[in-house]
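Visitor: give me a 3D structure for the following:
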Amino acid sequence: MTTDSVSRLSWSTPPAALAVCGVGGVVLAAAAVLANDAPARLLIGLAAFGLLCLAGLGLRQRPRLSVEPGDPAYLVVRGVAGPQRYSSKQITRARVVNYRRLGRRMPMLEIDVQHEGDEKLLIFGRWDLGASPDDVLDSLRAHL
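Guide: Now for the predicted structure:
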């Protein structure tokens, strides 16, 4: 565990990745306008819309996961509807699970929380966190 991963208290999609998605969406939108046939214009326009939505959602959810220090410390998860706060007592389990995706094993951070009387499973990948899920789990364990 590195000192940087322990001292860090918030994680989100890297701004450079969101910028690339935004620029790609603008370029595809321009290509859709310049396309000659209707099916190409539709498909390129849908791809542009998808990339621009991905960039917008990524910006809306920053930081995706953070620790609010204090007594007690809170885990703050930002989503489309806004932030949700969970105390360490509401977190029932946190672990890293490797899933097979496209022939590779991809680590995902899974956090089980009690949310308004129900159990809720939160799953974060490297795209959501901008860091290795293992490092994030180590940091969460140190701060919560």
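
Visitor: could you use CA atoms for every contact and neighbour count after this?
Guide: OK.

Visitor: and Val97, what are its bridge partners?
Guide: Each beta-bridge partner of Val97 is listed here: Met108, as defined by DSSP bridges.

Visitor: does Lys120 touch Glu110 like I think?
Guide: No - checked against CA atoms under 8 Å, the pair Lys120 and Glu110 is beyond contact range at 10.3 Å.

Visitor: who has more neighbours, these two?
Guide: Of the pair Lys120 and Glu110, Glu110 is the one with more neighbours under other CA atoms under 10 Å, namely 18 against 14.

Visitor: quick check: pLDDT value at the more buried one.
Guide: Glu110 carries a pLDDT score of 96 in this model.

Visitor: quick one: residues in contact with the host helix or strand of Gly56.
Guide: Assignment of secondary structure by DSSP states H and E places Gly56 within helix 38-60. Counting by CA atoms under 8 Å, 6 or more residues apart in numbering, helix 38-60 makes contact with 13, 18-19, 21-22, 24-29, 31-35, 79-80, all of which sit outside it.

Visitor: check which element follows it along the chain.
Guide: Tracing the chain C-terminally past helix 38-60 and defining elements by DSSP H and E, one meets strand 65-68 next.

Visitor: which parts of that next one are buried?
Guide: Applying a neighbour-count criterion of 16 or more other CA atoms under 10 Å, one finds Leu65, Ser66, Val67, Glu68 buried in strand 65-68.

Visitor: could you do stretch 135-144 as well?
Guide: The neighbour-count criterion (16+ other CA under 10 Å) identifies Asp135, Val136, Leu137, Ser139, Leu140, His143, Leu144 as the buried residues of stretch 135-144.

Visitor: quick check, pLDDT for the most centrally placed residue in the chain.
Guide: For the chain, the residue whose C-alpha lies nearest the mean C-alpha position (CA atoms, centre = their mean) is Asp128; its distance is 2.0 Å. According to the model's per-residue confidence, Asp128 sits at a pLDDT of 92.

Visitor: which one is it nearest to, not counting chain neighbours?
Guide: When the adjacent residues along the chain are set aside, Asp128 lies closest to Thr13, with 5.0 Å between them (CA to CA, 6 or more residues apart in numbering).
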